[in-house]
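Colleague: here is my input, please return the structure:
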Amino acid sequence: MLVRSVLFVCMGNICRSPTAEGVFRALVEQADRTREFEIDSAGTHAYHVGEPPDMRSQEYALRRGVDLSRQRARQVCDEDFARFDVILAMDHDNLRLLQRQCPAQHQHKLKLMMSYASHSPSDVVPDPYYGGGRGFDTVLDYLEDAAQGLLQTLG
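Modeller: Numbers count the residues shown, from 1 in each chain. Here you go, the predicted model:
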């Protein structure tokens, strides 16, 4: 069985990327395909290493049946570029940071998460950190859409 590995990346790994990890993991579990995937998330910055996801991210995800409580933030490391098949940035700034860090032979693995979305109105996942609850719902809406497309694309 081919195992596909996916890494979701945002700035601090406490809002968007852990939510993406949780949403995609839940989708894979619902499809009974857990053994086919390695799923993780990381941040381009080390601001929150070792911390759990933002409490608002956890709260809004749990309302949709997605538990983020066991995740802990970490920073992207050089080994990630070889280890993962697909590395998905939540926005253009983080994609650029990944492109600068990533060796040439792995650049093809870097994409925007929203490139897999079918009906969301943006090419980036907006950062909800400084906003209210609606921002966390929007992130979940976008990520649920993109995660469906990602799973279909990966087969």
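Colleague: pull out the buried residues from stretch 137-144.
Modeller: 138-144 (16 or more other CB atoms under 10 Å). Heads up, the C-betas are built off the backbone N, CA and C, glycines and all.
Colleague: gap between it and the chain center?
Modeller: The chain centroid and the centroid of stretch 137-144 are separated by 11 Å under CA atoms, centre = their mean, to the nearest Å.
Colleague: Leu7 - that's part of a helix, no?
Modeller: No: the assignment for Leu7 (DSSP: H, G, I helix; E, B strand; the rest coil) gives strand, which keeps it out of a helix.
Colleague: that one: neighbouring residues, count only.
Modeller: 25 (other CB atoms under 10 Å).
Colleague: what's the closest non-adjacent residue to it?
Modeller: In this structure, Leu7 finds its nearest non-sequential neighbour in Phe84, 4.2 Å apart by CB to CB, 6 or more residues apart in numbering.
Colleague: what count of nearby residues applies to Tyr129?
Modeller: 16.
Colleague: tell me the secondary structure for it?
Modeller: Quick answer, by three-state DSSP: Tyr129 is coil.
Colleague: okay but it is in contact with Asn13, surely?
Modeller: No: applying CB atoms under 8 Å as the test, Tyr129 and Asn13 come out as separate, 11.8 Å apart.
Colleague: from Met114, how far out is the nearest residue to Asp91 once chain neighbours are set aside?
Modeller: When the adjacent residues along the chain are set aside, Asp91 lies closest to Val124, with 4.1 Å between them (CB to CB, 6+ apart). Val124 sits 6 Å away from Met114, going by CB to CB, to the nearest Å.
Colleague: same thing with Pro126?
Modeller: Counting by CB to CB - Pro126 and Met114 are separated by 10 Å.
Colleague: and for Thr153?
Modeller: Counting by CB to CB - Thr153 and Met114 are separated by 13 Å.
Colleague: now do the same end-to-end measure for stretch 47-64.
Modeller: 27 Å (CA to CA, to the nearest Å).
Colleague: in that stretch, what's buried?
Modeller: 48, 52-54, 56-58, 60-61.
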